[in-house]
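Peer 1: Provided below are the primary sequence and the corresponding predicted coordinates.
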Amino acid sequence: MTPSTTTARATGASPRRGVARTNRWRLTGLILALCGLAALALLSVAVGSRPIPLSEVLDAVFNYSGQIEEHIIIAQMRMPRTLVGLAVGAALGLAGALIQALTRNPLADPGILGVSSGAAFFVALGVSVFGVGTILGYVWFAFAGALVVTLAVYLIGSAGRGSADPVRLTLAGVALGAVLSGLTTAMTLLDPTAFDQMRHWNAGVIAGRGYDILLPVLPFLCAGVLIALLVARPLNSIALGEDLAAALGTNTLWTRIAVVAAVTLLAGGATAIAGPIGFIGLMVPHIARWIVGPAQPWILGYTLVLAPALLLISDVIGRVVLRPGEVPVGIITAFVGAPVLILLIRRRRASGL
């Protein structure tokens, strides 16, 4: 064995060891994040307008009795609310991460690009024009609105020469979202029935959302999560540029179609359940990217855990800040997200995108 061969093997093994070490740290961080999410879920079940000792919460979770009032409150109100927060947070976070990766736009998320506003507008249309009053009815309107706005914003941002431009995408999304939000407000004000059904929903809430609303939408959210995980590796190639991704064998057309389908299912389903909740899909992918770097599979994995954690802690803050009243979680996330948006705009290269 020559010295050059030995050196080559040594230098070839070193990067592999470095990657393995990095992945171990990423996995350790993900496990810690999962433990934190579990703790936040327990906190979400424990905290409310009525104080319940932690021992009573654990007893209700593991030894439920329908004869104890505290157990009924936990099982029928707080646990469904927590599960809704987990599902909606994960869906919004993944939708934001997918949009940012596909468009290479660090300011992209379902709220800023108008996807949530489109879903809300179509839901208002279903309620006020078609008289839809059930989750099984208006979830299809939410999916349709998310799909139409996603395609419209992407087409506007891609108009002219070259690929989709991040600035045009952001401007198109903000403009289209503002128009649709105005139309949604006008429809709800002109229709008392629609206004009554949507006044709290429009603020972005998970309070009062039970299994009857979550379970019909859950299969669509699971399908969106599965598609998102399947396109994680192709998105790594697209981050290098369209031409290089094609040269590496990535089918960019099918990747785009899959991402649009996933965003439609995730953002549309989350909006159908909880209304338009902003900034979750903007903030969390950046946090994940700061932790794990540009690797899309790890970004999506961390986002899947950190996004519901952020939504749950925002919901807990909303419960206690004006106790015994509550602040909708959509308002809390806006308070948190606005400074983050300003910080991202001031950065020359947000999260390396």
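Peer 2: Ah, there it is. Numbering: from 1, shown residues only.

Peer 1: Now do the contacts for the residue nearest to the spatial centre of the chain.
Peer 2: By Cα atoms, centre = their mean, the chain has its centre lying nearest to Leu92, at 1.4 Å. Residues near Leu92 by Cβ atoms under 8 Å, 6 or more residues apart in numbering: Asp109, Pro110, Leu266, Ala267, Ala270, Ile277, Ile280, Gly281, Ala307, Leu311. Quick note: C-beta positions are derived from backbone N, CA and C, even for glycine.

Peer 1: Can you tell me the element it falls in?
Peer 2: Per DSSP states H and E, Leu92 falls inside helix 79-103.

Peer 1: For the helix or strand just after that helix, which helices and strands make contact with it?
Peer 2: Sequence order places helix 115-128 as the next helix or strand after helix 79-103, per DSSP H and E. Applying 3 or more Cβ pairs under 8 Å, 6 or more residues apart in numbering; DSSP states H and E, one finds that helix 115-128 makes contact with helix 135-158, helix 166-190, helix 192-198, helix 252-274.

Peer 1: one step back: possible to save the contacts of Leu92 as TSV with distance to His71 and pLDDT?
Peer 2: Putting these into TSV (distance: Cβ to Cβ, whole Å; pLDDT from 0 to 100) gives the following:
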residue	distance to His71	pLDDT
Asp109	38	84
Pro110	36	88
Leu266	33	94
Ala267	35	92
Ala270	29	93
Ile277	29	90
Ile280	31	92
Gly281	35	91
Ala307	30	96
Leu311	25	95
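
Peer 1: Centre of the chain to stretch 149-161, how far?
Peer 2: Centroid separation between stretch 149-161 and its chain, computed with Cα atoms, centre = their mean, to the nearest Å, is 21 Å.

Peer 1: same deal with stretch 320-330?
Peer 2: For stretch 320-330, the distance from its own C-alpha centre to the chain's C-alpha centre is 22 Å (Cα atoms, centre = their mean).

Peer 1: got it, and stretch 19-28?
Peer 2: The answer for stretch 19-28 is 25 Å, by Cα atoms, centre = their mean.

Peer 1: In a markdown table, list the contacts of Leu92 along with neighbour count and distance to Asp196.
Peer 2: Output for the contacts of Leu92, formatted as a markdown table (neighbours: other Cβ atoms under 10 Å; distance: Cβ to Cβ, whole Å):
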| residue | neighbour count | distance to Asp196 |
| --- | --- | --- |
| Asp109 | 30 | 29 |
| Pro110 | 36 | 26 |
| Leu266 | 32 | 28 |
| Ala267 | 35 | 25 |
| Ala270 | 36 | 22 |
| Ile277 | 31 | 21 |
| Ile280 | 34 | 27 |
| Gly281 | 34 | 29 |
| Ala307 | 29 | 30 |
| Leu311 | 33 | 26 |
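
Peer 1: can you tell me which residues contact Ala146?
Peer 2: Pro110, Val115, Ser116, Gly118, Ala119, Val263, Thr264, Ala267, Gly268, Thr271.

Peer 1: again, only using 10 Å
Peer 2: Going by Cβ atoms under 10 Å, 6 or more residues apart in numbering, Ala146 touches 95, 110, 114-120, 122, 260, 263-272.

Peer 1: what does Ile299 give?
Peer 2: With Cβ under 10 Å, 6+ apart, Ile299 has these contacts: 94, 97-98, 100-101, 232, 235-236, 284-289, 291-293, 351.

Peer 1: Buried by neighbour count, from these: which ones?
Peer 2: 94, 97-98, 100-101, 232, 235-236, 284-289, 291-292, 351 (16 or more other Cβ atoms under 10 Å).

Peer 1: If I follow the layout properly, Leu240 ends up in contact with Thr250?
Peer 2: Yes. Using Cβ atoms under 10 Å, Leu240 makes contact with Thr250 at a distance of 9.3 Å.

Peer 1: Those two: which is more packed in?
Peer 2: Neighbours per residue (other Cβ atoms under 10 Å) separate Leu240 from Thr250, with Thr250 holding more: 20 against 14.

Peer 1: Could I get the phi/psi values of the more buried one?
Peer 2: phi -80, psi 130 (degrees, to the nearest 10).
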